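Q: no FASTA, just this:
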Ligand SMILES: [Zn+2]
């Protein structure tokens, strides 16, 4: 039996920060010397972000005042092709869900921000750091337990903005 899971984009307007490949996934920084294990979606501080799928909030950690690592982070558990998978929303300024909450796809989960090691980023560099993980809270800074979000979204909004409409907004 196959499960149909609708995947939503995390923002109403989705575009990789500055349209640059080094804000996508892999060894994409410093000419391939350094890695980045998620996608940075451009997002003005305070932009609402949404659950990409029906699932459960399994972790909320860090604080908006953090100056290192991911800052305030919300982790969603969902089933991708039947496998338990996690989506992490990082550098947030606020969370509107708590650990254990069941969520619908497209439900608001918090507000983007500049917490953690993004605390100096302003203007065109404000963003949502978004990861697809196979573990709830892998160590920062490495590829293990993270997969390219392209496996979930099937397209990368590098040179285009992808607009999302959530079901609640159409009622
Ligand atoms: Zn990032």
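A: Right, received. Where do you want to start? No experiment lies behind these values; they were computed from the predicted model shown.
Q: So which other helices or strands are in contact with the longest strand seen in the chain?
A: When the chain is scanned for its longest strand (criterion: DSSP state E), the result is strand 83-95. Counting by 3 or more Cβ pairs under 8 Å, 6 or more residues apart in numbering; DSSP states H and E, the packing neighbours recorded for strand 83-95 are strand 72-80, strand 108-112, strand 127-133. Using the backbone N, CA and C atoms, a C-beta is placed for each residue, glycine as well.
Q: strands paired with it, and their directions?
A: strand 72-80 (antiparallel), strand 108-112 (antiparallel), strand 127-133 (antiparallel) (DSSP bridges).
Q: Tell me which of the helices and strands packed on strand 83-95 sits most buried.
A: Ranked by mean neighbour count, these are led by strand 127-133 with a mean of 24 (mean count of other Cβ atoms under 10 Å).
Q: The closest residue to residue 65 other than its chain neighbours: what's it in contact with?
A: Closest residue to residue 65 apart from its sequence neighbours, by Cβ to Cβ, 6 or more residues apart in numbering: residue 115 at 7.0 Å. Residues near residue 115 by Cβ atoms under 8 Å, 6 or more residues apart in numbering: 62-66, 70-72, 91-93.
Q: Within reach of the ion, which of the residues you listed are there?
A: Among those, no residue lies close to the ion (Cβ under 5 Å from the ion).
Q: Now the buried members of those residues.
A: The neighbour count (16 or more other Cβ atoms under 10 Å) marks 62, 64, 66, 70-72, 91-93 as buried among the contacts of residue 115.
Q: Now for those: which two are most distant?
A: 70 and 93 (12.8 Å; Cβ to Cβ).
Q: and residue 152, backbone torsions?
A: Main-chain dihedrals, residue 152, degrees, to the nearest 10: phi -90, psi -40.
Q: nope, residue 155 is what I was after
A: phi -150, psi 150.
Q: tally of neighbours for it?
A: Neighbourhood size, residue 155 [other Cβ atoms under 10 Å]: 9.
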